[in-house]
Each structure stands twice: as structure tokens, then as C-alpha cells.
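Peer 1: Using only what follows, build the 3D model:
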Amino acid sequence: MPALTVEPLTPPAGSSIDFGAVIANADLENLTDDDFTTIRQALYTHQVLVFKNQHHLTPKAQYELTRRFDPLATTYGHGKTIDAKRSILHPDLKTIPHQPQVQVIGHGTIESYEGLHNITLKHPHHRTFHRDPIPLEDDYDFTRFYRWHIDAALYGLNPPMVTTLLAVRVPSGRRQTLRYDDGSGETMEVPLGTTAFVSGERMYDLLSGEDRKFALRARVEYAPHPYIWMSPARSRPTGLGMYSDNLELPLSDLPPIDESSIQVLPMVWKNPDTGKPALQIHPSAVRKIHCADGTVIDDLERVREIVYGLQRPAISPQYVYAHDWEEGDLVLFHNRGVLHSVVGAFGEGEVRLFRQCNLAAGEGVVAYEGGN
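Peer 2: Predicted coordinates for the structure are as follows:
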């Protein structure tokens with residue numbers, strides 16, 4: 001078999017993305033130690049890796065590839081959420097019976113797939129999550145970022161190192177215009193049902209000197225049971241965090257809270273291979289900011305405004321990689337180095353079927369402690 005190759009993505013016209021690569025000649029079903037070493041190094045260098053023509057990849061091999069980045073990990077990244085039906089993640093996932101760490105996501109009715117029968121999948125639509133959605137009459141042609149996020153439970157379980165996404169069935173031939181609708185006038189053309197990525201390293205690099213100093217020394221406290229806590233609240237039109245309309249569930253309405261499971265994580269995370277800093281914050285789940293001087297910002301609206309100001313520059317169109325999915329694509333991304341978002345609104349008869357795997361990490365996040 002030809003040697004494995006790594007080819008950095010070529011940014012499209014007008015784009016300033018500086019991450020992403022295509023890996024060719026990788027046999028992911030029978031991965032050698034040498035090839036995995038190359039893939040691991042490529043991932044932490046390029047953040048997002050694309051493997052073409054992986055139609056044959058089994059759920060078991062997808063799980064084993066994902067786990068190879070973190071051999072201590074065995075549990076699906078969100079675990080088994082108590083009171084899951086109130087979680088905003090509940091409608092989005094189906095579990096493969098014979099490989100429970102691998103989830104099926106997508107849109108439409110699937111008669112049979114990997115032990116699942118007569119399942120109906122629902123692609124997350126911004127109308128269910130954004131406060132002020134695009135008018136129905138524009139829904140076919142226009143779309144938004146649904147929710148910028150890191151794949152992580154953010155309560156009890158460590159954020160996964162990586163996520164793998166396999167495109168099994170992809171509707172094709174249509175594009176949409178993505179609108180920011182935040183007064184910036186920014187838009188971008190995207191493939192139907194794309195997954196959008198931005199680099200946490202670029203997000204850090206775009207910070208002012210003062211904001212870097214703040215972010216390096218601050219930590220974010222996430223809400224307990226965050227996906228239940230935020231369920232009544234609504235998102236900004238950019239998908240980057242929430243409006244503060246006092247709609248979050250009071251803590252007394254959440255499942256029992258284990259104080260030791262509440263996560264307080266650094267804002268800036270260290271790349272395990274290159275040592276570079278990445279601004280990694282899940283903007284929808286933040287609840288407090290712990291400052292370097294020991295003070296805690298607990299006014300939720302102010303917390304969100306601070307985080308939005310730090311993150312918003314890096315989701316401008318020139319910094320977004322919108323993957324144009326083809327059937328058989330496997331995308332492996334560094335979940336501790338990028339943020340990503342579901343995108344798109346599907347019409348009648350447009351069916352999408354994907355497999356997703358991420359695993360709660362065996363070790364916690366490492367803060368970047370450099371000076372710049």
C-alpha cells in the first residue's frame with residue numbers, strides 16, 4: 001500500500017483559514033503504529049483531518065481510532081445524562097447497539113442501519129435554538145451556525161481529546177447562504193449540511209494583548225448539568241452563546257448536583273504536541289468567570305458579553321472552514337483545539353446519515369501558561 005501522506009488544505013479564495021489537512025492512503029481499519037504516529041502528529045499540527053473514501057469503516061474501527069488518542073477513555077463523551085429528555089442534546093443522537101460509544105446523527109427516516117431500525121433523525125435547526133430565527137419563507141435558501149461548541153459534557157467528565165465524524169449518506173447539489181444577522185452584514189456561502197470549524201489557536205492569536213493577559217489567567221465555571229440548565233434559553237443569531245433573558249432553569253429544578261462535578265476550566269488550553277495556546281470556551285454553557293485576583297464574575301449577562309467579545313472575531317467568514325461533505329468522508333478533529341457548529345436546513349426528502357464518536361478523556365485539560 002502507498003505511504004500515508006498529509007496534504008494541508010488549500011484555503012478557498014478570500015479565506016484565511018490556516019488549519020486542516022487531507023490524509024491519503026490510511027487504512028483506518030488496520031492502522032499500524034507508525035501510521036497512527038503520523039496521524040497523531042498531523043492532527044495536533046492541523047487540528048482537522050479529512051480521510052476520503054472510508055465507506056467500509058466499521059463502528060468498531062471508528063471507536064478504536066478515536067480511543068487510540070486517549071487509551072484511558074472508554075465512555076461516550078457526554079456519558080448517560082440524568083433526565084436526558086430535558087437536555088438540548090436529546091433529539092440529536094441515536095446509539096449504535098453493538099458499539100454504544102458511537103452515535104448516529106443526521107436527518108430523515110432510516111429503515112435499517114447498524115442494528116437500528118425505523119429510526120427518524122432530526123438535523124438540529126436553528127429555529128429550535130435561536131431567539132430570532134430566519135423567517136420561514138427564507139428557510140430554504142438561508143441558514144445559520146446552529147451552536148458553536150466543544151464536544152464535552154462539562155460536568156463530571158473530562159472534555160474529549162478528539163471527535164470522529166463519518167458521512168454515510170449526504171444530500172448533494174444544493175448550497176445555502178449563511179447569515180450572521182448580528183448587524184455585521186457578514187454572510188458566507190456554504191454546502192448544504194456542512195460542519196463548520198474555527199481554530200482555537202487563531203481565536204487566541206486574534207486577541208489584543210490585554211485580552212490575552214486576561215484569558216491566560218482566567219477560568220470559566222460551567223453550569224451544572226449545562227445542557228438541561230440552558231434548555232429554555234435562546235441563542236444569539238451567530239450561534240455563539242446565549243441571550244441573557246433569565247430563562248435558564250434555576251439550579252433547584254436541575255437533577256441532583258454534585259458540587260465536585262462542576263467544572264472550572266482554563267480559558268486557554270495547551271496543545272499536547274506543539275504546546276501552542278488555544279482559546280477554548282463553550283460559550284453556551286458558561287456561568288461564571290474566575291479572575292486571576294480571586295474575584296468571581298457571576299453576573300451571567302456580563303460573563304456572556306466578556307466571552308462573546310473574546311470569541312466573536314474568530315468566527316468571521318474568513319476564519320471558518322465549512323467542510324463540503326461527500327459520502328465516505330471521515331473527519332477527525334482536535335476537540336481541544338477547535339470549536340465547531342452544525343449548519344443547515346434540510347428540505348423534504350433530503351436525508352443525511354452520519355456516525356459520531358468522542359470519548360470523555362482520561363485526563364483533564366492542561367492550561368497554557370506562556371506569557372503571550
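
Peer 1: Outside of the lengthiest strand in the chain itself, list whatever touches it.
Peer 2: When the chain is parsed with DSSP state E, its longest strand is strand 102-113. Strand 102-113 is contacted by residues 59, 62-63, 76, 92-96, 114, 116-123, 168-169, 193, 346, 349-357 when judged by CB atoms under 8 Å, 6 or more residues apart in numbering. Every residue, glycine included, has its C-beta placed from N, CA and C.

Peer 1: ok, of the residues you listed, which come out buried?
Peer 2: Of the members of the contacts of strand 102-113, the ones counted as buried by neighbours, 16 or more other CB atoms under 10 Å, are 59, 62-63, 76, 92, 94, 96, 114, 121, 123, 168, 193, 346, 350, 352-357.

Peer 1: Looking at those, which are in helices?
Peer 2: Where the buried ones among the contacts of strand 102-113 overlap with helices, as defined by DSSP state H, the overlap consists of Pro59, Gln62, Tyr63.

Peer 1: ok, so of these, who is nearest Ile23?
Peer 2: Using CB to CB, Gln62 is the member of those that lies nearest Ile23, at 14.9 Å.

Peer 1: tell me the contacts of that closest one?
Peer 2: Leu28, Gln99, Val102, Thr164, Leu166, Leu330, Arg355, Cys357.

Peer 1: and the first one, how far is that from Leu178?
Peer 2: Counting by CB to CB, to the nearest Å, the gap from Leu28 to Leu178 is 31 Å.

Peer 1: Likewise for the fifth one?
Peer 2: In this view, Leu166 and Leu178 are 24 Å apart by CB to CB.

Peer 1: burial of Thr187, as a residue count?
Peer 2: Thr187: 13 surrounding residues under other CB atoms under 10 Å.

Peer 1: what about the protein, any weak spots by pLDDT?
Peer 2: Applying pLDDT under 70 to the chain flags the ranges 77, 79-86, 88-92, 371-372.

Peer 1: residues of the biggest helix by length in it that come out buried?
Peer 2: Secondary structure of the chain per DSSP H: the longest helix is helix 33-46. Within helix 33-46, the residues that count as buried by 16+ other CB under 10 Å are Asp35, Phe36, Thr38, Ile39, Ala42, Leu43, Tyr44, Thr45, His46.

Peer 1: which one of those sits closest to Leu216?
Peer 2: The closest of those to Leu216 turns out to be Tyr44 (CB to CB; 20.3 Å).

Peer 1: if I pick the nearest residue to that closest one once chain neighbours are set aside, what's in contact with it?
Peer 2: Distances taken as CB to CB, 6 or more residues apart in numbering place Asp273 nearest to Tyr44, at 3.5 Å, with adjacent residues excluded. Contacts for Asp273 were tallied using CB under 8 Å, 6+ apart; they are Arg40, Gln41, Tyr44, Thr45.

Peer 1: In CSV: those, plus distance to Arg212.
Peer 2: CSV is the format used below for those (distance: CB to CB, whole Å):
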residue, distance to Arg212
Arg40, 28
Gln41, 27
Tyr44, 21
Thr45, 22
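
Peer 1: Tell me the one among these nearest to Ile262.
Peer 2: After measuring these against Ile262 - CB to CB - the closest member comes out as Tyr44, at 28.7 Å.

Peer 1: so how far is Val303 from the closest one?
Peer 2: 30 Å.

Peer 1: Among the buried ones among the contacts of strand 102-113, name the ones in strands.
Peer 2: For the buried ones among the contacts of strand 102-113, the ones inside strands are Lys94, Leu121, Val168, Arg352, Leu353, Phe354, Arg355, Gln356, Cys357, with DSSP E as the criterion.

Peer 1: Identify, from those residues, the entry nearest to Arg312.
Peer 2: Distances from Arg312 to those, taken by CB to CB, are shortest for Gln356, at 26.7 Å.

Peer 1: from memory Asn271 sits against Glu201, does it?
Peer 2: Yes. At 7.3 Å, Asn271 and Glu201 qualify as touching, with contact defined as CB atoms under 8 Å.

Peer 1: who has more neighbours, those two?
Peer 2: Between Asn271 and Glu201, counted using other CB under 10 Å, the more crowded position is Glu201 (24 against 19).

Peer 1: I'd assumed the more buried one was in a helix, is it?
Peer 2: Yes. With the criterion set as DSSP: H, G, I helix; E, B strand; the rest coil, the secondary structure at Glu201 is a helix.

Peer 1: Please look at it and Lys270 and confirm they touch.
Peer 2: No. Glu201 lies out of contact with Lys270 (CB under 8 Å); the separation is 10.7 Å.

Peer 1: got the contact list for the residue nearest to Glu350 when sequence neighbours are not counted?
Peer 2: Counting by CB to CB, 6+ apart, Pro171 is the residue found nearest to Glu350 once chain neighbours are left out, at 4.0 Å. Pro171 sits next to Leu192, Gly193, Phe346, Glu350, Val351, Arg352 when contact means CB under 8 Å, 6+ apart.

Peer 1: Over to Arg304?
Peer 2: Arg304 sits next to Gly241, Met242, Ser244, Pro283, Val286 when contact means CB under 8 Å, 6+ apart.
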